[in-house]
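*Asks:* this one's sequence-less:
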């Protein structure tokens, strides 16, 4: 890939797939969430756009709710109200 200045750069596959899905590049403050928790499943239907801070807190809450050893991505997280 090339940036706006013609320089080459690399990016993670899941970010490229999500960018294609939403029709634009991801901003630096946006992150890709793997819905099923499998970071190797980069199918567009498994990827969701999240704000970077929200994505980090989402997974932190999952880890706290299930305990770090028993962490599973398919366990629902209680959203902040």
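*Replies:* On my side now, so go ahead. All figures in this text were calculated on a predicted structure; none of them were measured in a lab. Residues are numbered from 1 along each chain as shown.
*Asks:* what pLDDT does residue 66 get?
*Replies:* On the pLDDT scale, residue 66 is placed at 70.
*Asks:* what about the helices in the chain?
*Replies:* For the chain, the helices defined by DSSP state H cover 13-22, 52-66.
*Asks:* Least reliable of the ones you listed by average pLDDT, please.
*Replies:* Mean pLDDT is lowest for helix 52-66 among those, at a mean of 73.
*Asks:* hmm, back to that, from the helices of the chain, which stretch is densest packed?
*Replies:* helix 13-22 (a mean of 16; mean count of other CB atoms under 10 Å). C-beta here means a position set from N, CA and C on the backbone, and glycine is covered the same way.
*Asks:* Next up, the contacts around residue 15.
*Replies:* Residues in contact with residue 15 (CB atoms under 8 Å, 6 or more residues apart in numbering) are 26, 32.
*Asks:* Same question for residue 32.
*Replies:* Taking CB under 8 Å, 6+ apart, one finds 12, 14, 15, 18, 26, 47, 48, 49, 50 in contact with residue 32.
*Asks:* Just to check, the fifth one is in contact with residue 18?
*Replies:* So that's residue 26. Yes: using CB atoms under 8 Å, residue 26 is in contact with residue 18, at 6.4 Å.
*Asks:* Skip the chain neighbours and tell me the closest residue to residue 39.
*Replies:* In space, residue 39 comes closest to residue 14 once its chain neighbours are excluded; the distance is 7.5 Å by CB to CB, 6 or more residues apart in numbering.
*Asks:* still on that earlier bit, what sits in contact with each of residue 26 and residue 18?
*Replies:* 32, 49.
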